[in-house]
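Q: The following block contains a protein sequence and its predicted model.
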Amino acid sequence: MATLQASFCSSSFSSATFKKTKTTLHNPKFQKSSHLSVPRLLVDELSQPNGLLNLTATSTHIEMNPNFKNTRRSKGSEAISDSKLVQELYAIMEIVSDRVEMHKNICAQRDNWNGLLLNSLNGMTATAAIMAGLAAVSGSGGAPILALKLSSSLLYMAVTGILLVMNKIQPSQLAEEQRNASRLFKRLHEEIKTTLALKTPTSNDVKVAMEKVLALDKAYPLPLLGTMIEKFPSLVKPAVWWPEESKPQHEETSETVERNGWDEKLEEEMKEILGVVRGKDAAEYVRLSNVVLKVNKILAFCGPLLTGFAAAGAGLVGLTGFGSWGAVLAVVFGALASVVNTLEHGGQVGMVFEMYRSSAGFFKLMEETIESTLKEGEVGERENGELFEVKVALQLGRSLAELRDLASSSSLSSRFKQAKEEFASKLF
């Protein structure tokens, strides 16, 4: 009897303990305070007769990670940091997109300046010449001749003043500058978009993007006063629109091979291409820039000079001792001035100069890119060699086979000291 009572007490104690434990597990307070979810295996084991023993045995395998909170916080801070960098790049993209529209609108405005001012100048010059001729052929003197003389002289002087301003700012060159700036900002916008699409941005990506924006703002300023690019420089230099001493950072991936796509043959090929670009293309476009600049200087000097002589000739019409020579001077110099102005601004000589200067800058940028890549001693830090070769070939308007043929022929010509006639680029 005592044995039965002891067994009954033991089973009652076990059942009570089981109910208490199960109640505790299903208690909402317990679930809220616990950082771990109880596996389904523990609930199943608790349903068995020896649930307490199984719970005790299984609980020894539940270990709290002391660094759980710190790990979660570190991952959260990294996510916040990455999100902040992404937001910064998107903000830069918005600024760049605004710059594109800004330069595009100002380009259209300054292109309109060139056309409207040229048409106005030619119209004023023609009107002044006609007035000078009428003043000479009219036989009667007095107020009519004086009015025609004064009107012709004033028109010629106005044309001279407008020409001086127009030749100083070169509207066609200003329009080309803004056109180039719009194209380069579009390119920067696509670069940032590619960075966001292919990888997680870093602080260096944000820094490089900001430096490129500021470099473009400096290379192609918007104001006309104070920061305008010199239109008649004493020494022609290629246009520079990239940050100084900028070195691209390339992260190694798991797909990076041992040589990162580079070998001795490719390095020699890039050295030969560098020599051709520097010796032929860049030098040729600097030479062409100097030629166009000299022509533009001559035209810019002759235009106001001719209209000034025409204004003086118009003032001499009807004076004794000069006869009709004053009218001849006014009409002839006015006609010559119209021709010169049409050649300079209608032919957009300033735009041609800026185009050649920008082309020289393009080849200078290619030189610096190839040179800095080859100077990088660690192959893994370079851009992938095969990708770099494709970029160089497409920038020069060539296929890979044509690029390699150019490098090999350049090597042979330098070996035998023969001058090469072929340029590296087929685009310009």
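A: The structure has been received and is ready for your questions.
Q: Please count neighbours and contacts with C-alpha atoms only from this point.
A: Noted.
Q: So what touches stretch 147-163?
A: Contacts to stretch 147-163, defined as Cα atoms under 8 Å, 6 or more residues apart in numbering, come from residues 121, 124-125, 127-129, 131-132, 134-135, 303-305, 307-308, 310-312, 314-315, 317.
Q: contacting residues for the residue nearest the centre of the chain?
A: To find the centre residue of the chain, average its C-alpha atoms and take the closest one (Cα atoms, centre = their mean): that gives residue 184, at 3.3 Å. Remark: with contacts taken as Cα under 8 Å, 6+ apart, residue 184 is in contact with residue 216.
Q: can you check the one 4 residues further on too?
A: Listed by Cα under 8 Å, 6+ apart, the contact set of residue 188 reads 96, 209, 212.
Q: For those, could you give me a markdown table that also reports secondary structure, neighbour count and pLDDT?
A: A markdown table is the format used below for the contacts of residue 188 (DSSP: H, G, I helix; E, B strand; the rest coil; neighbours: other Cα atoms under 10 Å; pLDDT from 0 to 100):
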| residue | secondary structure | neighbour count | pLDDT |
| --- | --- | --- | --- |
| 96 | helix | 24 | 95 |
| 209 | helix | 21 | 93 |
| 212 | helix | 19 | 94 |
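Q: could I get these as CSV with distance to residue 328?
A: Rendered in CSV, the data for those read as follows (distance: Cα to Cα, whole Å):
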residue, distance to residue 328
96, 56
209, 61
212, 57
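Q: and which of those is nearest residue 405?
A: Ranked by distance to residue 405 (Cα to Cα), these are led by residue 212 at 34.0 Å.
Q: these two touch, right, the closest one and residue 219?
A: No. With the criterion set as Cα atoms under 8 Å, residue 212 and residue 219 do not qualify as a contacting pair; they are 10.4 Å apart.
Q: so what's in contact with those two at the same time?
A: Residues touching both residue 212 and residue 219 by Cα under 8 Å, 6+ apart: residue 241.
Q: follow-up on the earlier one: tell me the one among the contacts of residue 188 nearest to residue 260.
A: Set against residue 260, the nearest of the contacts of residue 188 by Cα to Cα is residue 209 (25.3 Å).
Q: Which residues are in contact with that closest one?
A: Remark: with contacts taken as Cα under 8 Å, 6+ apart, residue 209 is in contact with 89, 92, 188, 192.
Q: Kindly recompute the last result at 7 Å.
A: With Cα atoms under 7 Å, 6 or more residues apart in numbering as the criterion, no residue contacts residue 209.
Q: roughly how far apart are it and residue 178?
A: Taking Cα to Cα, to the nearest Å as the measure, residue 209 falls 20 Å from residue 178.
Q: What average pLDDT does the host helix or strand of residue 186 get?
A: Applying DSSP states H and E as the criterion places residue 186 in helix 171-198. Within the predicted structure, the mean pLDDT of helix 171-198 is 95.
Q: Name the residues of stretch 192-199 that are buried.
A: Along stretch 192-199, the positions that meet the burial threshold by neighbour count (16 or more other Cα atoms under 10 Å) are residue 192.
Q: Assign the residue lying closest to residue 398 once chain neighbours are set aside to helix, strand or coil.
A: Closest residue in space to residue 398, ignoring its immediate chain neighbours: residue 426 at 7.0 Å, by Cα to Cα, 6 or more residues apart in numbering. Taken by DSSP: H, G, I helix; E, B strand; the rest coil, the conformation at residue 426 corresponds to coil.
Q: now for the host helix or strand of residue 298, which elements pack on it?
A: Using DSSP H and E, the element containing residue 298 is helix 283-315. Where contact means 3 or more Cα pairs under 7 Å, 6 or more residues apart in numbering; DSSP states H and E, helix 283-315 is packed against helix 143-169, helix 325-341, helix 349-375.
Q: Now the residue nearest to residue 398. Its backbone dihedrals?
A: phi -110, psi 10 (degrees, to the nearest 10).
Q: State the distance from it to residue 288.
A: As defined by Cα to Cα, residue 426 lies at a distance of 17 Å from residue 288.
Q: More neighbours: which of the two?
A: Here residue 426 and residue 288 are set side by side on neighbour count (other Cα atoms under 10 Å), and the busier one is residue 288, at 16 against 11.
Q: Tell me, what's the model's pLDDT at the closest residue to the more buried one other than its chain neighbours?
A: With Cα to Cα, 6+ apart as the measure, residue 356 is the residue that lies nearest to residue 288, at 6.8 Å, once sequence neighbours are left out. Model confidence at residue 356, given as pLDDT, is 95.
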